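Undergrad: Build me a model:
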Amino acid sequence: MNAPTLLLVQLTTILIAARLCGFVLRRIGQPAVIGEMAAGLLLGPIVFGAWLPDLHALVFATSSLPALSGLGTVGVALFMFLVGLELRAPDGTRAQVRSAVLVGGLGIAVPLLFGLAVSPYLHPRYAPDGVPFWPFALFVAAAMSVTAFPVLARILRDRGLTRSVPGRLALSAAVIDDGCVWILLAFVLALSRGGSADGVLVTVLGAAALVAVVFVLLKPLYARLLRPRIGHGELPAAAFAWILIGCVACAAFAEWIGLHAVFGAFLFGIAQPRDDRLLDALTTRIEPVAVLFLMPVVFALAGQHTTLGAFVGAGLGAAALVLAVAIVGKIAGCATGARLSGHGWRDSLAVGSLMNARGLMELIVIKIGYEAGLIGPELFTMLFVMTLLTTFMASPLVSVFHRRGAALPDGRETHS
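TA: Numbering: from 1, shown residues only. You can find the predicted model right below:
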């Protein structure tokens, strides 16, 4: 089978599996993206490779994966651009902003500390050869702290909870959470770059230059380019092309300095004008390609890195430990923050349950860690499964803890 034919076969297989699994998950009240992520796991060595090893070796031959990886990188960059575009600073009264900061802060600090606490046990067993303790430990801590802002927003929309007390608080806290996690991850990647002071310096200086260029030069430039067109309610093809050029260029520079393409695309998205009409126009054009076509490729590639050996012998206990630390750390930290802000225990636990959903963001984080050589296939597999389970359990837990009420104009609810 020649390379173009094989690539088309791979894409067909991936998209069919993603659609079928997404359909099944929607039928049981879950976001389709969880099914698409699960499809990636099913297409890997654990299921497809175990049941039909010869066919799996043919369809997903190792030599063919770089082409898929290139498509996946484009998909992740476009997705993170949309995430940056959607992020808004927490709004509301001073008390509501303070609550979001407290929930987001504890939602990072507690799982981060839990991740550091289990790292001395995980490092000797699951760190690749030559990876020092601190880059490994900080990466594990960052992976434990992620909240999936896009999946969280989707869950709230699907369940009609966007204006509920837990929904508003979780969305605001997730913005803070994700921003801090990406900063931490950038630091970890800089720390792990070549293990040398020169490598770290190049990455840090490059990151500073990227931030300066994006916010000092590109932000006002694109504001001047886009605002007259947004005012007319349309986005011409020429303006859209320049947005794609800026996104890809920033992603390429971030990749070149030793971070990852997602950081450049994410920063470029944040720097765009905060205008809902622009968001709608770009989402309409980019989301079908990035989310429906390219992100399933990312999931399938991630699935190729999994291994059944992660759950053999002591690995089963380690996987249970990773799952427990992730769930308890996130729910306890966020629920405590909400409780300290004056919310009741039920709403506080609902906030913790929502923030526990890791979704696409976590998968992107662990894929970056794997590609950077910070974790091996065993721990990658454990974190992949943790991502699926924590995202899956968000909706049922919210149903248990949240008592639906009518949202008042200030965001409070009445309860019957």
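Undergrad: Kindly tell me how buried residue 284 is, as a neighbour count.
TA: Counted by other CB atoms under 10 Å, the residues lying close to residue 284 total 10. Using the backbone N, CA and C atoms, a C-beta is placed for each residue, glycine as well.
Undergrad: just residue 17 next, same as before
TA: Applying other CB under 10 Å, we find 22 residues neighbouring residue 17.
Undergrad: need the contact list for the closest residue to it other than its chain neighbours.
TA: Counting by CB to CB, 6 or more residues apart in numbering, residue 39 is the residue found nearest to residue 17 once chain neighbours are left out, at 4.1 Å. Taking CB atoms under 8 Å, 6 or more residues apart in numbering, we find residue 39 in contact with 14, 17, 18, 20, 21, 22, 296, 299, 300, 303.
Undergrad: same thing but 10 Å
TA: The contact partners of residue 39, taken as CB atoms under 10 Å, 6 or more residues apart in numbering, are 13-22, 24-25, 47, 296, 299-300, 303.
Undergrad: before we move on, what about residue 53?
TA: Per CB under 10 Å, 6+ apart, neighbours of residue 53: residue 45.
Undergrad: do you know how far it is from residue 227?
TA: With distances taken as CB to CB, to the nearest Å, residue 53 is found 56 Å from residue 227.
Undergrad: Next, residue 376: phi, psi?
TA: Torsion angles at residue 376 (phi, psi; degrees, to the nearest 10) stand at phi -100, psi -180.
Undergrad: list the contacts for residue 19?
TA: 32, 35, 36, 39, 292, 296.
Undergrad: Roughly how far does the last one sit from residue 15?
TA: So the one you mean is residue 296. 6 Å.
Undergrad: so what sits against both of the two?
TA: Residues touching both residue 296 and residue 15 (CB under 10 Å, 6+ apart): 36, 39.
Undergrad: For stretch 374-385, the averaged confidence score.
TA: Stretch 374-385 carries an average pLDDT of 94.
Undergrad: Let me fix that, I meant to ask about stretch 251-265.
TA: For stretch 251-265, the mean per-residue pLDDT is 88.
Undergrad: Could you tell me which residues within that stretch count as buried?
TA: 251, 253-255, 257-265 (16 or more other CB atoms under 10 Å).
Undergrad: for stretch 341-358, same thing?
TA: 341, 343, 346-358.
Undergrad: try stretch 383-401
TA: Buried residues in stretch 383-401 (16+ other CB under 10 Å): 383-388, 390-395, 397-398, 401.
Undergrad: Of residue 296 and residue 15, which one has the most company?
TA: Neighbour count, other CB under 10 Å: between residue 296 and residue 15, residue 296 has more, with 27 against 17.
Undergrad: coming back round to it: is it possible to get TSV of the contacts of residue 19 that adds secondary structure and pLDDT?
TA: As requested, those are exported to TSV (DSSP: H, G, I helix; E, B strand; the rest coil; pLDDT from 0 to 100):
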residue	secondary structure	pLDDT
32	helix	86
35	helix	91
36	helix	91
39	helix	95
292	helix	89
296	helix	93
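Undergrad: which non-adjacent residue is nearest residue 20?
TA: residue 39 (7.4 Å).
Undergrad: following the helix or strand residue 365 falls within, which helix or strand comes up?
TA: Here residue 365 sits within helix 359-371, counting by DSSP states H and E. Going down the chain from helix 359-371, the next helix or strand is helix 377-392, by DSSP H and E.
Undergrad: Please compute how far that following helix lies from its chain's middle.
TA: Remark: helix 377-392 is offset 13 Å from the chain centroid, using CA atoms, centre = their mean, to the nearest Å.
Undergrad: Following the chain onward from that helix, which element is next?
TA: Downstream of helix 377-392, the next assigned helix or strand under DSSP H and E is helix 394-401.
Undergrad: What is that following helix packed up against?
TA: Packing partners of helix 394-401 (3 or more CB pairs under 10 Å, 6 or more residues apart in numbering; DSSP states H and E): helix 149-158, helix 165-192, helix 314-340, helix 345-355.
Undergrad: circling back to that earlier point, compute the inter-axis angle for the helix holding residue 365 and helix 314-340.
TA: For helix 359-371 against helix 314-340, the angle by axes from the mean of the first three to the mean of the last three CA atoms, to 10 degrees is 130 degrees.
Undergrad: what's the angle between helix 359-371 and helix 394-401?
TA: 130 degrees.
Undergrad: what helices or strands is helix 359-371 leaning on?
TA: Under the contact definition 3+ CB pairs under 10 Å, 6+ apart, helix 359-371 sits against helix 32-42, helix 65-86, helix 133-144, helix 149-158, helix 165-192, helix 261-270, helix 295-304, helix 377-392.
Undergrad: Any buried residues in whichever helix or strand comes after the second one, and which?
TA: The one in question is helix 65-86. Next helix or strand after helix 65-86 toward the C-terminus (DSSP H and E): helix 94-126. Judged by neighbour count using 16+ other CB under 10 Å, the buried positions of helix 94-126 are 96, 99-112, 114-115, 118-119, 122-123, 126.
Undergrad: Look up how far residue 26 lies from residue 307.
TA: In this view, residue 307 and residue 26 are 29 Å apart by CB to CB.
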